[in-house]
Every structure is written in C-alpha cells, then in structure tokens.
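J.: Sequence first, predicted coordinates after that:
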Amino acid sequence: MFKIKKNSLNKLYAAIAEAQTLYIPCNVNGKPNFAVWGEGADVDLASLKTVKSAKEVFFPQCEDIVSFKTKGKEITVIDCRKESEDFVVFGVRACDAKSFEILDKVFLSDPVDTFYKTKREHGTVITLACSRPEESCFCSAFGIDCAEPSGDVATYFSGEYLYWSPKTEKGLNLTNSLKNLLEIANDKDNLALENEQKNIREITKKLPLYGLDLSKWGADDLLEKFNSEKWQELSSACLGCGACTFVCPTCQCYDVRDFDKGNGVQRYRCWDSCMYNDFTMMAHGTPRPTQMQRFRQRFMHKLVYFPSNNGGEFSCVGCGRCVEKCPINMNIVKVIKAFGGEGK
Amino acid sequence: MKKVLDIMQKRAKQLLGEGIVNRVIGWKTGEFGYDQTPAVFTSAAELSSLVYDSFSAPNLSKYLIEETKKEGKALVFLKPCDTYSFNQLIKEHRIDREKVFVIGVECSGKVDINSLKSRGAVGVIGVEDNGEKVIAHTLYGDMEFAKDDVLLEKCRSCKGKQHMVFDELIIVNPVKEEKNDRFIGVDALDAMTPDERFEFWRGQLLKCIRCNACRNVCPACSCIKCVFDNQNSGVASKASPDTFEEQMYHVIRAFHVAGRCTDCGECTRVCPQDIPLHLLNRKLIKDMNAFYGEYQAGTDTDSRAPLTNYTKEDVEPNVISDKGGDK
Amino acid sequence: MQVENKEFKPTIVAFCCNWCSYAGADLAGTGRMQYPANVKIIRVPCSCRVNPTFILRAFQRGADGVIMCGCHPGDCHYTSGNYYARRRMTMLFDFLDYLGIEKGRTRVEWVSAAEGARFASVMNEFVKNVTELGPNKRITDLRCKMEKEGE
C-alpha cells in the first residue's frame, strides 16, 4: 500500500501523462466526464459519477472501422485498425470497473472484437473507492463493494491522502514508474483506511435502494416474464430516447454506418440504443415495432437474456446513472421492483 | 400543494366513476420523492399513487398524441405552461380535442433536482417544499435552499400562471404572476463577439451524446419519422462522429420547431449533459418577435405562425449579413 | 496570412431559382460577363424549395459560402414562394450568426432573368467577401475536408 498527499495529485497526473495518455474525470463545460488530462485540466474526482461511464475509453461512442476511397473505377480500401497506445484511466468507480468484466464477456468472446481488445490490453485501470455513495446507487445488489474496487490499481481517499494499492502486474509496473512520488503507507494509515471503508459500507446499508432483491431475475421464467402484462404499464411513459443506454456502463450495442464523404466512404460504428425505433432495422422492417417491445428488450436483456448466456451474471452494475438521467424517471429499479424484487 | 392533490384525486375518481373519462393521465410517485413518472391511471384504487408537487415537471401534453388515438376520453392534468403545448398540438391536428378532458392545475414553479445536487445536496432521499424554502433530506444531513434559487430553468422564466385551455381548473392558492425577462440569456450571447459565441456553443454542443432526449420529449417534435432517423434523408446519424454533426442536429431541430416551440423548456430539463438548449429556441423566438411582431406559440389554435406567414414589407435577410460588427 | 488568402479560392454554392436567378446566370453566361468559376450553381424550382438543411449540407461538404438567389419579392413564379423563403433565411442566417458562424458566409440576393450583369456583380462581390473571410472552419465536416485536401 502506498499513499500520496492530496495536494500533490497534480504531480502524479503529470508524471503519468508524461509517459502515456491519462483519462480522468474532468469538469468539461459544467459536467463531469472522462477527458484526456493536460496541464490546467479541471480534474473532478469529487463528483461520484461521470455522465458517460468509463466504458467510453475502451468502447468509444464513435469509432472508424474502414474507409473506402474511389477514384474513377478504382476503389481503395483503407483499414482503420491500429494497435492502441498505452494509456491510463484514473478515477474509475467500482461499478464501472465491474462493467469492464461484463463488456469483456461480449467483446472478447469469439469472434474477438479487435478494436476493443487492443484498448483493453494497453489500458491500465486505476479505480477509486466511493466516499459518498448516492441515493441512486445499488451496486451492492450485484455484489459490488464500492469501498474496495477492483482494477489494476485501487485508490482510496482518506483524510489528507490518496491511498494507492496495486493489484495486478500492470498496476505494479505503473506503480514502479511512479515510485518517487508515492510514499509507503504505515500501519496507522492502513488502520485509518480500514475505518474509512467500514464507514462507507455502513452508508451503503442506509441507501434507499439497498437490498434490492434480484432473486426473481435470471435465466429462469423467461417466457413468463416476456409475456407479462406489466411491461405495457411500465413502458407507457417511455419516450424512446437513448439517455439510459448512452450513460449505461454495460450497454454494448452498436450500429455500423457509412458516411459518404463525396469521393469515398467512411464506415464507422457508433453506439446504438435498443430504445430507438430504428434499432435492428432490416429490409422487412423492425422486429420490435412498439415502444413496449423495445422497452422490454432492454430490461429482459440485462436481467434475463444476458444472465442466461453468461452463467447468471447480470448485465447491470447498479451505477444508477439511468436512474438519474431518465427524462421521465422510469428505470431498471422500478422494473426489478415491479416483478417482485422489493427493496428493504 | 397537498390540498390541490386531494381535489385532483377526488375529481379524477368522480369523473372515472361517472364514466365521463376512462383513464387519467398524471404523475406517479417514485423512489426518492423527486423522481416522478408520467402514468396512466385506470381505476380509483390506482389513483392513490397519483402525485402532484414541486417535482411534477414532465409536460404531459405529448402523451396525448398517442392517447387520443385510443378508445374513450382521457382526463389529463396540465400546468399553465403545458397548456401552450396542448394548444399547439391541437393546432397541428395531432390531438383530438374531443377525446381529452383537461383539468388545469395551479403551479408555483417546479424544483430542479439537478440544481439541488449541484449545490451540494448529495444523496437526496426526500425533499420538502414549503413555498419559500426547499429542504433536501440527504444521506449526509439536511440542506436548505431558497426555492427561487433551485427552480427549473423553465420556471425561472415562467410564461405566466394562466391556463390557455381547460375544461376545469383546480386552483386553491392563486399564484402571483411574476415578471421575468426570459431573453436575458439570449441577450447576453448576442452581446458577445462571434468568436466568443462560437466558443460557447462549441463547448456546449460538444457535450451532446445524441441520446435524442431533447427531441423525444419535445411536444413540437411530433414527426412520425424524424429526418435524423430517416436513412434516406442523407443527414441521419446516431452519433456525432464529427463536430459538424451536433451543429447540424441542433440547428435543424431548433429550426424545425421555430414558430411552433412554446418554450416549455422540457429540452433543457431532460438534457443529461445540461446543454442550455432553451437558448437556441429562445433566440429564434426573440428574432421572430423582433422581425415579425410578438408571437407566442400555443396561445390559440388558429393563428398563423411567423414562418408559415409573410408580409410584403418583411425585412430582407441581408439585415443579418450587413449588420455591424466584425465578420 | 496575406499570402494564404491570395491563394485561397473559396468554394461557393449558389442556390438559384429556376425562373429568375438561374435565367439571370444564363444571361450572364451568354453575355460573356465574368464571374468566378468557383461558384457552383444548384438550380431549385423556387427559392422556397431551399430547406435550411441544404445550406448546412453545403457547408458540411466544403462550401466556404452559400448564397441563395430568387425572384425579386413580388415577382415569384409561384406568387409567394420567395416571401416565405425570405423569412426562413432571415431566421436561419441570424441563427448561424448566433452560433458564431461568420455572417459573411451566407447571403440572399434577388436576381431577375433580365439581370445578367447584376448576377455577375453579386457573385463577384460575394466571392470577394468570402475570400477575405478565409476557409470555412466553423461549420464544416472534417471528414469531407480531409478528402478535399488529400486530393
């Protein structure tokens, strides 16, 4: 375990950024979002959640796949794949860190998504334990401990210090390169940190969504849930926007689009939302023509289909971003509860 | 506010019982006391979860487009600002007026939960509003705010407390009209240099994640197929792969609702990135007022909007390119 | 900067209505009146056909200036098309200015079928103004731009 004074953090950022790109939550025009650190960046580690989750670092909203260039009757194909450079993402909360494992199951299983894979291999994840969980948080329902996040390095704020605990080889390598900035934590520090963590776990138990019961969900009773009449009522207010999807750390659907540049085509992929009426649009039309069906798809996927394909693991980490951002306040918590998953 | 809710529930039950309406569209309680969801109630028992307080901000007018396609008459509760949207939708023949029973409810301004949060109220688990003060109960203690400071943008620039259309009104405590200048923000931008304005909008629009919440909540955006969803339009895009895309999206969206936007402020309320979208729409409103005379969309159901009308003496477009200043 | 501007030849898109301005451009051509070759004319049935999306698309694809020409107010082939277009463009141009886009990049001129000389002088002046503004950087799509430069 290492530590660094809070007021020396800028030196730490600078040291990391010197060797590789550093993504860190910054206040960008009034909202916390992951951004590339540079001198004078308005780092915001106090805000609990960035608007967009940390998945954007590994799975950007837009990514070029291939381009085509035409000249007369000739077409040149330009492969946009390239090896990622080493980078660090700092300030990832426990829920977002867990979401990477879920995304791994999707993108790293066969056929492997090379765009994602190269970023995963070259990225070092530094997590940050939560100090003040919020009312919309329910990560504990998925067995996540926000006081003890995973990642290559886990960090914790306590008192005057940021504590630094490398957890993987990648994390150790990074730690070694920053040795001259990090002090070694003593027993007193460890005790203080343990107390801090205990406090955080106590707060977690007081959260309004603590004890959200997911036992009714999972691979079982698929058809029963699918055919339930409750979906109609739950989805009646849904506007069909993609706010929940785009702030979600585990949503991984994307669309592949062509942009006509005039004398060539840029093919790129971009996040898509199952809430949109043109999601999975095919020649014959869309397989889910009503908003109720689209709404049901989103939650069935997260709570039934995904677990049934992935050994019972839910495709939700309880970060609560959708709970905060839905324009009409309909969300996964209300869906879970409607099917009998009452809270405390 | 409690009293208003009691009357609303009583009247809704009556109208349901008498068979005048077969469903009620209102707001339903949420998890934390501030997260209300628009909902359809079909029985007296369900109506016990009807709620109306400082967080009943969602504008229910747009839901009526789909609701009036269904059988029977629906009861809807509309705040003064929502009635403008309702009227505008009637004008555009999107709502069947015969199938709606409108009860106008008083409104003294709705509270912005994000404003509470940005002022340090972390972990809000309940909010009290006594008219003057808003008290947020949080996991880390109570916090008190002056209500005027934490109102939604749309309420800080309220158009007025009068309902433009209603069948019945529920007003217990008439709310005092307060004068405000809703164009202050636009004026401030107009006073900047083009470079400053460009920097401002570039910074704001770059945050856009193209979630389409602003479009989908907008009562004026009632197209069955949006141009940005239409693959054949040539401008469809699900993301902003280039800075141009968000300019395109927001300029065209603002333009498509120009003259139809009632300034209900829902776009700004729902934006997950807090982009001040109302400043786009209000600029167009300000311009239309200045060039073609005062006009407020949604005050009536038969007038012609500025962009579907003309006079022979209209200003020439070159007043813009010829007006002073650099560039 | 000066040198750059001298070399810079802006791409100008001109939307011309079929009945007046396009005929005006024709007249300028048959009369051998000089106007810059970098003005690309797009013929539209009426100035009222010009959707704001057209203007933005032109900028997206590399236009440095966009000008819309129609019949003089009162002379519209369809009686009132240009009156509507006039309001629409006034609103759009002020809106673009509000977003910080240089207002010199947009213009509306009324040119009749008999005004070949006027068409040429309008274009000359507009091209001169846009050339002074330099390349359009604020409302353009970089993906299109890179292609253009890479040619």
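T.: Happy to help now that I have it.
J.: check contacts around the closest residue to chain C within the stretch 51-200 of chain B.
T.: Among the residues of the stretch 51-200 of chain B, B:Phe198 lies nearest to chain C; the distance is 2.5 Å by C-beta to the nearest C-beta. For the C-beta atoms, the positions are set from N, CA and C on the backbone; glycine is no exception. By C-beta atoms under 8 Å, 6 or more residues apart in numbering or on different chains, the contact set of B:Phe198 is C:Leu99, C:Gly100, C:Ile101, C:Arg138.
J.: Closest to chain B out of those residues?
T.: Closest approach to chain B among these (C-beta to the nearest C-beta): C:Gly100, at 2.5 Å.
J.: which SS class is the nearest residue to that closest one once chain neighbours are set aside?
T.: Nearest residue to C:Gly100, sequence neighbours excluded (C-beta to C-beta, 6 or more residues apart in numbering or on different chains): B:Phe198, at 2.5 Å. Look at B:Phe198: counting by DSSP: H, G, I helix; E, B strand; the rest coil, its state is helix.
J.: I'd like a version of the contacts of B:Phe198 in JSON lines, one that adds secondary structure and neighbour count as further columns.
T.: JSON lines is the format used below for these (DSSP: H, G, I helix; E, B strand; the rest coil; neighbours: other C-beta atoms under 10 Å in any protein chain shown):
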{"residue": "C:Leu99", "secondary structure": "coil", "neighbour count": "22"}
{"residue": "C:Gly100", "secondary structure": "coil", "neighbour count": "22"}
{"residue": "C:Ile101", "secondary structure": "coil", "neighbour count": "24"}
{"residue": "C:Arg138", "secondary structure": "coil", "neighbour count": "20"}
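J.: can I get these in JSON lines with pLDDT?
T.: JSON lines is the format used below for these (pLDDT from 0 to 100):
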{"residue": "C:Leu99", "pLDDT": "95"}
{"residue": "C:Gly100", "pLDDT": "94"}
{"residue": "C:Ile101", "pLDDT": "94"}
{"residue": "C:Arg138", "pLDDT": "93"}
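J.: before we move on, the earlier item: so how far is C:Lys103 from the residue of the stretch 51-200 of chain B closest to chain C?
T.: Shown here: B:Phe198 relative to C:Lys103, a distance of 12 Å by C-beta to C-beta, to the nearest Å.
J.: can you count the residues close to residue 85?
T.: Unless you meant another one, I'm taking chain A. Applying other C-beta atoms under 10 Å in any protein chain shown, we find 11 residues neighbouring A:Glu85.
J.: Please refer instead to chain C.
T.: Once other C-beta under 10 Å is used to define contacts, C:Ala85 is seen to have 26 neighbours.
J.: isn't there a helix covering it?
T.: Yes: per three-state DSSP, C:Ala85 lies within a helix segment.
J.: Per-residue confidence at the nearest residue to it once chain neighbours are set aside, what does it come out as?
T.: Among residues not flanking C:Ala85 along the chain, C:Ser47 sits closest, at 4.0 Å (C-beta to C-beta, 6+ apart). For C:Ser47, the pLDDT comes out at 96.
J.: With A:Thr280 instead?
T.: The model reports A:Thr280 with a pLDDT of 89.
J.: contacting residues for it?
T.: A:Cys274, A:Thr286, A:Pro287, A:Arg288.
J.: Try it again at 10 Å.
T.: The contact partners of A:Thr280, taken as C-beta atoms under 10 Å, 6 or more residues apart in numbering or on different chains, are A:Cys253, A:Asp255, A:Asp272, A:Cys274, A:Thr286, A:Pro287, A:Arg288, A:Arg294, A:Gln297.
J.: The second one: which element?
T.: Taking DSSP states H and E as the definition, A:Asp255 sits inside strand A:254-260.
J.: try the last one
T.: Remark: A:Gln297 resides in helix A:291-300, with elements defined by DSSP H and E.
J.: How far does the next helix-or-strand element following that helix sit from its chain's centre?
T.: Later in the chain than helix A:291-300, the nearest helix or strand by DSSP H and E is helix A:306-309. Between the centre of helix A:306-309 and the centre of its chain there are 19 Å (C-alpha atoms, centre = their mean, to the nearest Å).
J.: For helix A:306-309, could you pull out the residues that count as buried?
T.: A:Phe306, A:Pro307 (16 or more other C-beta atoms under 10 Å in any protein chain shown).
J.: tell me what that helix is packed against?
T.: helix A:94-107 (3 or more C-beta pairs under 10 Å, 6 or more residues apart in numbering or on different chains; DSSP states H and E).
J.: about what we covered before: buried set for the helix holding A:Gln297?
T.: By 16+ other C-beta under 10 Å, the buried positions in helix A:291-300 come out as A:Gln291, A:Met292, A:Arg294, A:Phe295, A:Arg296, A:Gln297, A:Arg298, A:Phe299, A:Met300.
J.: which one of these is nearest B:Val105?
T.: Using C-beta to C-beta, A:Gln291 comes nearest to B:Val105 of the buried residues of helix A:291-300, at 26.7 Å.
J.: Hmm, the closest one is touching A:Met275, no?
T.: Yes: A:Gln291 is in contact with A:Met275 according to C-beta atoms under 10 Å; the separation is 7.8 Å.
J.: quick one: common contacting residues for those two?
T.: Contacts common to A:Gln291 and A:Met275, judged by C-beta under 10 Å, 6+ apart, are A:Ser235, A:Cys238, A:Leu239, A:Gly240.
J.: Taking the residues you listed, tell me the two that lie furthest apart.
T.: Using C-beta to C-beta, the two most remote members of those are A:Ser235 and A:Leu239, lying 10.4 Å apart.
J.: Please identify every residue contacting each of those two.
T.: Shared contacts of A:Ser235 and A:Leu239, defined by C-beta under 10 Å, 6+ apart, comprise A:Met275, A:Gln291, A:Met330.
J.: Look at the last one and tell me its secondary structure.
T.: The reference is to A:Met330. Secondary structure assignment for A:Met330 (three-state DSSP): coil.
J.: gap between the nearest residue to B:Ser61 once chain neighbours are set aside and B:Ala254?
T.: With C-beta to C-beta, 6+ apart as the criterion, B:Ser61 has its nearest non-adjacent residue at 3.9 Å, and that residue is B:Ser85. According to C-beta to C-beta, B:Ser85 and B:Ala254 sit 16 Å apart.
J.: So the two - more neighbours on which side?
T.: Between B:Ser85 and B:Ala254, counting by other C-beta under 10 Å, B:Ser85 is the more crowded of the two (28 against 24).
J.: quick one: the more buried one from B:Val217, how far?
T.: 11 Å.
J.: list residues touching both of the two?
T.: Joint contacts of B:Ser85 and B:Val217 (C-beta under 10 Å, 6+ apart) are B:Asn59, B:Lys62, B:Cys264, B:Glu266.
J.: The first one sits in which helix or strand?
T.: Taking DSSP H and E as the definition, B:Asn59 sits outside all helices and strands.
J.: got the contact list for the closest residue to it other than its chain neighbours?
T.: Among residues not flanking B:Asn59 along the chain, B:Asp82 sits closest, at 4.8 Å (C-beta to C-beta, 6+ apart). B:Asp82 is in contact with B:57-62, B:76, B:102, B:104-105, B:107, B:163-165, B:219, B:262, B:264, B:266, B:298, counting by C-beta under 10 Å, 6+ apart.
J.: Could you rerun that using 7 Å?
T.: By C-beta atoms under 7 Å, 6 or more residues apart in numbering or on different chains, the residues touching B:Asp82 are B:Asn59, B:Leu60, B:Ser61, B:Cys264.
J.: cool, B:Cys226 as well?
T.: Contact analysis of B:Cys226 by C-beta under 7 Å, 6+ apart lists B:Arg215.
J.: Name the next helix or strand following the helix or strand harbouring the residue nearest to B:Asn59 along the chain.
T.: Assigning secondary structure by DSSP H and E places B:Asp82 in helix B:80-91. Downstream of helix B:80-91, the first helix or strand assigned by DSSP H and E is strand B:100-105.
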